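Colleague: coords please:
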Amino acid sequence: MSRIQLHSAQIRSASRSDGPRLSLIANATFLETFAGEIAGDALVAQCVDRQASEQFARQLETGSRAWLVEIERSPIGYAMLSPPQLECAHDGDIELKKIYLLSRYHGSGIAARLLETAIAGAKGYRRILLGVKADNHRAINFYRKHGFAQIGTRRFDVGGTLYDDVVLARDCNGNTAQ
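Modeller: You can find the predicted model right below:
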């Protein structure tokens with residue numbers, strides 16, 4: 001990753017009209033991350049049913065916020081904060097529902113910048129929660145490095161197949177959440 005690419009990556013707030021961009025990067029990064037780990041039919045169902053452009057537009061209309069990372073207007077990643085749907089959520093919590101970056105940009109510092117942007121967007125909330133596939137050690141280590149700690153587990157449905165997630169949290173002041 002050259003410094004020029006790192007510095008040319010722009011993070012901006014996403015709007016309803018960015019539904020197609022969010023869907024494109026969601027599907028590309030989901031396939032890139034989980035192809036061969038999650039059954040093909042479940043993977044396709046996740047992309048078609050839950051990551052369609054209209055789904056992102058609807059989420060942005062109903063209380064979610066998203067940020068796109070682009071290089072020369074090409075989407076390479078995104079993050080989304082949403083009202084929490086996790087059982088362990090309490091009043092004052094927000095959920096980091098999605099954060100993905102194309103793998104060719106891993107290790108560039110862009111993911112950290114994107115996470116910092118999402119954390120700043122959670123100002124006024126008590127904790128940020130997220131679920132991550134239990135065997136996605138790279139992601140879990142990334143979140144731990146940024147102050148998240150495990151507070152529970154859950155089952156996550158991808159196309160009708162259940163997978164184990166760990167639930168991580170961080171308080172919005174940077175302290176490890178309980």
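
Colleague: going forward, measure contacts and count neighbours with C-alpha atoms only.
Modeller: Will do.

Colleague: pLDDT value on residue 40, please?
Modeller: For residue 40, the model assigns a pLDDT of 87.

Colleague: show me where this structure has strands.
Modeller: 9-13, 65-71, 74-82, 93-101, 127-133, 149-158, 161-171 (DSSP state E).

Colleague: same list (these) but as CSV, adding mean neighbour count.
Modeller: Formatted as CSV, those follow (neighbours: other CA atoms under 10 Å):
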stretch, mean neighbour count
strand 9-13, 18
strand 65-71, 23
strand 74-82, 23
strand 93-101, 22
strand 127-133, 24
strand 149-158, 17
strand 161-171, 19
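
Colleague: can you list these in a markdown table and add distance to residue 111 and mean pLDDT?
Modeller: Shown next, in a markdown table, are the strands of the chain (distance: least, CA to CA, whole Å; pLDDT from 0 to 100):
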| stretch | distance to residue 111 | mean pLDDT |
| --- | --- | --- |
| strand 9-13 | 10 | 96 |
| strand 65-71 | 9 | 97 |
| strand 74-82 | 8 | 96 |
| strand 93-101 | 7 | 94 |
| strand 127-133 | 15 | 95 |
| strand 149-158 | 18 | 92 |
| strand 161-171 | 17 | 92 |
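
Colleague: for residue 35, give its distance to residue 163.
Modeller: Separation of residue 35 from residue 163 (CA to CA, to the nearest Å): 14 Å.

Colleague: in JSON lines: the strands of the chain, plus distance to residue 22.
Modeller: Formatted as JSON lines, the strands of the chain follow (distance: least, CA to CA, whole Å):
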{"stretch": "strand 9-13", "distance to residue 22": "11"}
{"stretch": "strand 65-71", "distance to residue 22": "7"}
{"stretch": "strand 74-82", "distance to residue 22": "7"}
{"stretch": "strand 93-101", "distance to residue 22": "10"}
{"stretch": "strand 127-133", "distance to residue 22": "19"}
{"stretch": "strand 149-158", "distance to residue 22": "18"}
{"stretch": "strand 161-171", "distance to residue 22": "23"}
